[in-house]
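Enquirer: Dropping a prediction and its sequence here:
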Amino acid sequence: MYDAEISRRNPGLFIFLIDQSRSMIRKMAGGSESKAKEAADAINRQIGELIMRCTKNDGVRDYFYVGVIGYGGEKGKASYLLDGEVVPVSRLAENPLRTEKRMMKVPDGSGGTADVEYEFGVWFEPVANSDTPMVRAMNMAKEAIESWISEHPSSYPPIVINITDGQSTDGDPYPVAQSIMEMETEDGNPLIWNCHVSTENSAPLSFPYSENQLPNDMYARSLFKMSSVLPTKYINYAIETFPDIKDGSRSYVFNAQLEQMIEFIDIGTRGAISSME
Amino acid sequence: MISVFHYHQPKLGNSESEYEDAFSYDVGRGLFAMADGSSESVFSNEWAKSLVDTFVSGKHDMKLDDMVETALGMWRSKLPWSNMKWFVKNKIARGSMSTFLGLEIQDGGFKSVAVGDTCLFIITPEGMKSFPIKNASEFGNTPKLIWTGNPLLRTRRSVKWANYMEGRLSESDILIMATDSLAHWMISRAKQSPWKMLIDHSENEGELISGLINSGEMKNDDVTFAVISLR
């Protein structure tokens, strides 16, 4: 399970869900920008990383397809934010909205790191506008995954990463999330990763294993239940940074500050990236 | 009198343009080099080619760091900077990587230098010795590699992890150079004289290699080997 080789013949799928509700305008704990901007940056950076991994001399090979679904940009609505629904990385590489010059750290040749300028791709802009129709967004993800699995029955299981700061306003997303987690490819069930981002500097809780670790908050418990139990492979990735992680831990972070959100997305994507042929 | 027979094929399912190993030789100078460019980096096929061509030019003897400096100039000159896409430019900032195996045969003896898991096999009447890897368990997903350094910063580390070997040769000895998947197969079957299969299939080596890959005996990867005999 979770060890299918990802190749051009058997590509992998990532679906990012991003909360565009009004409260995402507030500054993110541990960051310098709004939650909407930090979340958009994190997903744009991850798309850039996927493209980097798939770049060869002759261009970008389609090892991955990506969908980004925003919800709450308009009241009660969810929509795909990329140019297309589920888009191959080669098309993303050729069609960013724009690129921005930023700095990244690279090895300097003597054991340290140095900052060099690079082009940061932007595929969608941050939006913080209305409510939190998470059920609608999950339903869109479910439809995309159903059709993906029928076309790619032996693929690495699709991964959904949901970034939100609030409670669903169109009902309980748990049933649809559960139906996604019950689908399967020959290599396992799709994984849902939920990242609750925080405005406050309250203590984050990454990869909880029991509802009892959470505050007495219906919302936190609902997100916990709709997060996958981490496969062993992912526990091994996460244990470097989170030594308390154990069997039964969920792919969930509560009260994530910027640092936890970035780590969370990194761990959530690493299993599939490491399965590239 | 040295004679060479060599063969390569890309990973099954890939095209020749996706092949990232390299082999070069100069029988007159007794110089042979093989390299396996890392598929994790871009232009590693050019890096592998630059390394083997520089070694075989014979200007650096076994001085690896000097050779790498010269190869770097060759590699940089091959990069298509002028029409490079933004995402390729991002990746090239991380440099290219390759294994390397150099071999010099002279005056009845040989010297070899290796970084990574491209192997030299010395076949004598007593059997087969391998260099630098001796046991199949030493093959892994992270072989030692020679790095170009960052072409934007123009910095790189000196080469650590180089292995050196030298020895005497007799006329009946055979030397085989091979990249990792074939090298792994040979070391795994060391007791069954695997080199004989290579020599016996010198007319249809593609069939042999593809058969070994399809039967699961050998990892599907770019394959390159050279059989060098001394008479």
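Expert: Alright, I've got the coordinates. If you're wondering where the values come from, they're calculated on a predicted model, not measured in any experiment.

Enquirer: Enumerate every residue touching residue A:52.
Expert: Applying C-beta atoms under 8 Å, 6 or more residues apart in numbering or on different chains, we find residue A:52 in contact with B:87, B:90, B:91. Heads up, the C-betas are built off the backbone N, CA and C, glycines and all.

Enquirer: a markdown table for those, including distance to residue A:196 and neighbour count?
Expert: Putting those into a markdown table (distance: C-beta to C-beta, whole Å; neighbours: other C-beta atoms under 10 Å in any protein chain shown) gives the following:
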| residue | distance to residue A:196 | neighbour count |
| --- | --- | --- |
| B:87 | 32 | 26 |
| B:90 | 31 | 24 |
| B:91 | 33 | 24 |
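
Enquirer: Which ones among those also lie next to chain A?
Expert: Contacts with chain A within the contacts of residue A:52, as defined by C-beta under 8 Å from any C-beta of the partner chain: B:87, B:90, B:91.

Enquirer: quick one: which of the contacts of residue A:52 sit in strands?
Expert: Using DSSP state E, no member of these falls within strands.

Enquirer: Dump those into a markdown table; add pLDDT as well.
Expert: Below are the contacts of residue A:52 laid out as a markdown table (pLDDT from 0 to 100):
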| residue | pLDDT |
| --- | --- |
| B:87 | 95 |
| B:90 | 91 |
| B:91 | 92 |
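
Enquirer: Which of those sits closest to residue B:55?
Expert: Nearest to residue B:55 out of the contacts of residue A:52 is residue B:91 (C-beta to C-beta; 26.0 Å).

Enquirer: Could you pull up the residues touching that closest one?
Expert: When contacts are counted by C-beta under 8 Å, 6+ apart, residue B:91 touches A:52, A:55, B:41, B:42.

Enquirer: what does residue B:151 give?
Expert: Residue B:151 makes contact with B:76, B:79, B:92, B:93, B:95, according to C-beta under 8 Å, 6+ apart.

Enquirer: Could you list which of the residues you listed also contact chain A?
Expert: residue B:93.

Enquirer: Which two of the contacts of residue B:151 have the greatest separation?
Expert: B:76 and B:93 (13.3 Å).

Enquirer: Can you tell me the closest non-neighbouring residue to residue 84?
Expert: Assuming you mean chain A. Using C-beta to C-beta, 6 or more residues apart in numbering or on different chains and skipping the chain neighbours, the partner closest in space to residue A:84 is residue A:91 (7.1 Å).

Enquirer: right idea, wrong chain: chain B
Expert: Leaving out its chain neighbours, the residue that sits closest to residue B:84 by C-beta to C-beta, 6+ apart is residue B:92, at 7.3 Å.

Enquirer: I'd guessed that neighbour sits against residue B:46; true?
Expert: No - with contact defined as C-beta atoms under 8 Å, residue B:92 does not reach residue B:46; the gap is 10.9 Å.

Enquirer: intersection of neighbour lists for the two?
Expert: Common neighbours of residue B:92 and residue B:46 (C-beta under 8 Å, 6+ apart) are residue B:79.

Enquirer: residue contacts, residue 186?
Expert: Since you didn't name a chain, this refers to chain A. Shown in contact with residue A:186 (C-beta under 8 Å, 6+ apart): A:4, A:153, A:154.

Enquirer: You answered for a different chain; I wanted chain B.
Expert: Counting by C-beta under 8 Å, 6+ apart, residue B:186 makes contact with B:119, B:121, B:128, B:130, B:176, B:178, B:194, B:195.

Enquirer: Quote the end-to-end distance of stretch A:221-230.
Expert: 17 Å (C-alpha to C-alpha, to the nearest Å).

Enquirer: wait, stretch B:118-131
Expert: Stretch B:118-131 has an end-to-end distance of 9 Å (criterion: C-alpha to C-alpha).

Enquirer: Can you point out the buried residues in stretch B:128-140?
Expert: By 16 or more other C-beta atoms under 10 Å in any protein chain shown, the buried positions in stretch B:128-140 come out as B:128, B:130, B:131, B:132, B:133, B:139.

Enquirer: out of these, who's near chain A?
Expert: The subset of those lying close to chain A, counting by C-beta under 8 Å from any C-beta, is empty.

Enquirer: so which of those residues comes closest to chain A?
Expert: Set against chain A, the nearest of the buried residues of stretch B:128-140 by C-beta to the nearest C-beta is residue B:139 (17.3 Å).

Enquirer: how about the nearest residue to the closest one once chain neighbours are set aside, what does it touch?
Expert: Leaving aside its sequence neighbours, residue B:139 sits nearest to residue B:184 (C-beta to C-beta, 6+ apart; 4.8 Å). Applying C-beta under 8 Å, 6+ apart, we find residue B:184 in contact with B:117, B:136, B:139, B:218, B:219.

Enquirer: quick one, phi/psi of residue B:184?
Expert: Backbone torsions for residue B:184, taken as degrees, to the nearest 10, come to phi -60, psi -40.

Enquirer: residues making contact with whichever strand or helix holds residue A:101?
Expert: Using DSSP states H and E, residue A:101 sits within strand A:98-107. If you take C-beta under 8 Å, 6+ apart as the criterion, strand A:98-107 is touched by A:113-122, B:86, B:93-94, B:150, B:153.

Enquirer: what phi and what psi does the backbone show at the closest residue to chain A within chain B?
Expert: Residue nearest to chain A within chain B: residue B:155 (3.2 Å; C-beta to the nearest C-beta). Taking degrees, to the nearest 10, you get phi -120, psi 150 for the backbone angles of residue B:155.

Enquirer: Pretty sure it sits against residue B:149.
Expert: Yes - using C-beta under 8 Å, residue B:155 is in contact with residue B:149, at 5.2 Å.

Enquirer: Neighbour count: those two, which is higher?
Expert: A direct count of neighbours by other C-beta atoms under 10 Å in any protein chain shown for residue B:155 and residue B:149 places residue B:149 higher, at 21 against 16.

Enquirer: Now the more buried one. Its backbone dihedrals?
Expert: Listed backbone geometry of residue B:149 is phi 80, psi -180, with angles given as degrees, to the nearest 10.

Enquirer: residues contacting it?
Expert: Going by C-beta under 8 Å, 6+ apart, residue B:149 touches A:109, B:72, B:95, B:155, B:156, B:157.

Enquirer: Residue of the stretch 151-277 of chain A nearest chain B, please.
Expert: For the stretch 151-277 of chain A, C-beta to the nearest C-beta, closest residue to chain B: residue A:277, 8.6 Å.

Enquirer: Nothing else from me, thank you.
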